[in-house]
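Peer 1: fold the following.
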Amino acid sequence: MKRVLMLGGSFFQIPAIKYAKKSGYYVITCDYLPDNPGHKYADEYYNISTTDIDGVLTLAKNLNLDGIVAYASDPAAYTAAYVASVLNLPTNPYSSVKILTEKDLFRDFLKKNNFNVPCANGYNSYYDLIKNIKDFSFPLMIKPVDSSGSKGVSKINTEEEIKSSFEYAKSLSRVGRVIVEEYISSIGPQIHGDAFVVDGKIKFCYLGDHHYNNKINPFVPYSTTLPSTHSKEILDKVEIELQKLINLLKINRGALNVEARVGDNELIYLMEVGPRNGGNLVPQLERYASGFDMVSTSVDIALGSISSEIRYNKYGYFSYYVLHSEKEGVLNNIIINEELNSYLLEKHFFKKKGEFVNAFNGSNATIGILLLKFNSMQEMNFMTENMDKYVKVELR
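Peer 2: Modelled structure (predicted):
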């Protein structure tokens, strides 16, 4: 029986845990939240944070593992790569994974290798930033270098806004660093989706469009729609840039979560390339849209048992929708209009009536996820942009 360590037991990680169990693997989970729902499906659970590299390494040395998986988790990806490297398990170079999981290192790498990249720099001191502020042109984006789910992200237009935004971002960085970069305007929607790499080559790539609620936070996506409205030529350019990055970093296996923007003169900017599957049930959405099962393939490749042959199609119009609230409060009800029922593939609720919910300023404020299928691109984009007519989150 193969033994696999799954880093994390959140709702989004349950599909990978359940697949591993169904496949006959012995499953061990760990994180610092013993009440996470995924742990009940595992054979063993250990209360060790997935970002505690030394703790996870010590644990893993005693488990006689065949593989380690950081499914849908940026913070755990470096831990998984490092521990797997030490134990000689299937993985990507941990130095490359570190570059992909720390935004200032990523921007530096892109610049040194002649990718399109905004003017950017990382700082652990507000005063060091102020000394260099004349190097930048407003507006600026300020972010924690190691956050995920758009937490701690601000767009500012004046020097007076820098200090509060810097301190906010730094408070959400585990390593205490902040990246400051010039804002890149996007021609068309921001591109988002997943790719899958086998033997150093992209074998699957499905890209869609991000959607944002500008009334709450314009940098936290509430939906991705598949396929993208961008042209095939643009999407091919994104894939070419992504393969170039994969080659340089010597990424040889596994999932990549991709965010890209199209700048002036159709220049492609790789904004984020996370060394893991997408969250918000994106792999499940992509399975509906293509037939490719990224959940099972991600687990199998971490155990060294994947064929280089991956076949898929692209058909239909699909989206996820994040159930969220524009303000904080106590959840009273989630009302889904009957008209939406014919489009629903799956619905998942993470909060119960009477539980406290936060305003949607980061993915950690997600109340639930809907997966939907539509009849046309026009219908999909209209309904996605007007989903508040079909879904109501009531607070008390």
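Peer 1: so which bits of the helix of greatest length in the chain are buried?
Peer 2: Ordering each helix of the chain by length in residues (DSSP state H) puts helix 232-249 first. For helix 232-249, the neighbour count (16 or more other CB atoms under 10 Å) marks 234-235, 237-239, 241-243, 245-246, 249 as buried. All C-beta spots, glycine's among them, are computed from the backbone N, C-alpha and C.
Peer 1: phi, psi of residue 179?
Peer 2: phi -100, psi 140 (degrees, to the nearest 10).
Peer 1: so what's it up against?
Peer 2: 103-104, 107, 120-123, 141-145 (CB atoms under 8 Å, 6 or more residues apart in numbering).
Peer 1: now with 10 Å, please.
Peer 2: Going by CB atoms under 10 Å, 6 or more residues apart in numbering, residue 179 touches 102-108, 120-123, 141-147, 169, 173.
Peer 1: repeat that for residue 133.
Peer 2: Here residue 133 is in contact with 140, 159, 162, 180 (CB under 10 Å, 6+ apart).
Peer 1: for the protein, what spans make up the helices?
Peer 2: 14-22, 53-61, 74-86, 94-101, 103-112, 126-131, 162-171, 232-249, 282-290, 294-302, 377-385.
Peer 1: could I get those helices as TSV with mean pLDDT and distance to residue 41?
Peer 2: Output for the helices of the chain, formatted as TSV (pLDDT from 0 to 100; distance: least, CB to CB, whole Å):
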stretch	mean pLDDT	distance to residue 41
helix 14-22	97	5
helix 53-61	98	19
helix 74-86	96	17
helix 94-101	97	26
helix 103-112	98	33
helix 126-131	96	44
helix 162-171	96	34
helix 232-249	98	32
helix 282-290	97	17
helix 294-302	95	13
helix 377-385	97	32
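Peer 1: burial measure for residue 295, as a count.
Peer 2: Each residue near residue 295 was counted by other CB atoms under 10 Å, and the total is 25.
Peer 1: do the same with residue 91
Peer 2: Residues lying near residue 91 (other CB under 10 Å) number 24.
Peer 1: against residue 79, how distant is it?
Peer 2: 11 Å (CB to CB, to the nearest Å).
Peer 1: distance of the residue nearest to residue 106 when sequence neighbours are not counted from residue 170?
Peer 2: Nearest non-adjacent residue to residue 106, counting by CB to CB, 6 or more residues apart in numbering: residue 99, 5.6 Å away. Taking CB to CB as the measure, residue 99 falls 21 Å from residue 170.
Peer 1: do the same with residue 319
Peer 2: On the measure of CB to CB, residue 319 and residue 170 end up 34 Å apart.
Peer 1: who has more neighbours, these two?
Peer 2: Remark: of residue 319 and residue 170, residue 319 carries more neighbours, 25 against 20, as counted by other CB under 10 Å.
Peer 1: ok, that one - contacts?
Peer 2: Counted by CB under 10 Å, 6+ apart, residue 319 has contacts 208-209, 211, 223-226, 285, 289, 343, 345, 370-374, 380-381, 383-384, 387.
Peer 1: one more time with 6 Å, if that's ok
Peer 2: Counting by CB atoms under 6 Å, 6 or more residues apart in numbering, residue 319 makes contact with 223, 225, 372, 384.
Peer 1: for the spatially most central residue of the chain, which non-adjacent residue is closest in space?
Peer 2: Central residue of the chain (CA atoms, centre = their mean): residue 278, 4.3 Å from the mean position. On the basis of CB to CB, 6+ apart, the spatially nearest residue to residue 278 that is not a chain neighbour turns out to be residue 257, at 4.5 Å.
Peer 1: okay, now the one you found: neighbour count?
Peer 2: 23.
Peer 1: partners of it in the sheet?
Peer 2: Residue 257 has these beta-bridge partners by DSSP bridges: residue 194, residue 274.
Peer 1: cool, residue 143 as well?
Peer 2: The residues that residue 143 bridges to, once DSSP bridges is applied, are residue 179.
Peer 1: ok, it touching residue 154?
Peer 2: No: in this structure residue 143 lies outside contact range of residue 154 using CB atoms under 6 Å: 7.8 Å.
Peer 1: between those two, point out the one with more neighbours.
Peer 2: The residue with more neighbours, out of residue 143 and residue 154, is residue 143; 25 against 17, by other CB under 10 Å.
Peer 1: per-residue pLDDT, that one?
Peer 2: The model reports residue 143 with a pLDDT of 96.
Peer 1: what of residue 363?
Peer 2: 87.
Peer 1: surely it is in contact with residue 149?
Peer 2: Yes: counting by CB under 6 Å, residue 149 is a contact partner of residue 363 at 2.9 Å.
Peer 1: hang on, the earlier thing: could you dump the contacts of residue 133 to TSV with distance to residue 314?
Peer 2: TSV is the format used below for these (distance: CB to CB, whole Å):
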residue	distance to residue 314
140	37
159	46
162	43
180	37
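Peer 1: between which two of those is the distance greatest?
Peer 2: In the contacts of residue 133, two members sit farther apart than any others by CB to CB. They are 159 and 180, at 11.8 Å.
Peer 1: these two: who's more crowded?
Peer 2: Neighbours were tallied for residue 159 and for residue 180 using other CB under 10 Å; the higher tally belongs to residue 180 (25 against 11).
Peer 1: how about the contacts made by the more buried one?
Peer 2: Residues counted as contacts of residue 180 (CB under 6 Å, 6+ apart) are 140, 142.
Peer 1: find the nearest non-adjacent residue to residue 139, please.
Peer 2: residue 183 is the one closest to residue 139 (CB to CB, 6+ apart), at 4.4 Å.
Peer 1: pLDDT score for the one you found?
Peer 2: In this model, residue 183 carries a pLDDT of 97.
Peer 1: surely it is in contact with residue 143?
Peer 2: No: using CB under 6 Å, residue 183 is not in contact with residue 143, being 11.4 Å away.
Peer 1: what residues of the longest strand anywhere in the chain count as buried?
Peer 2: In the chain, taking DSSP state E as the definition, the longest strand is strand 201-213. Residues 202-213 are the ones in strand 201-213 that count as buried (16+ other CB under 10 Å).
Peer 1: what's the answer for stretch 22-40, then?
Peer 2: Residues 25-31, 36, 38-39 are the ones in stretch 22-40 that count as buried (16+ other CB under 10 Å).
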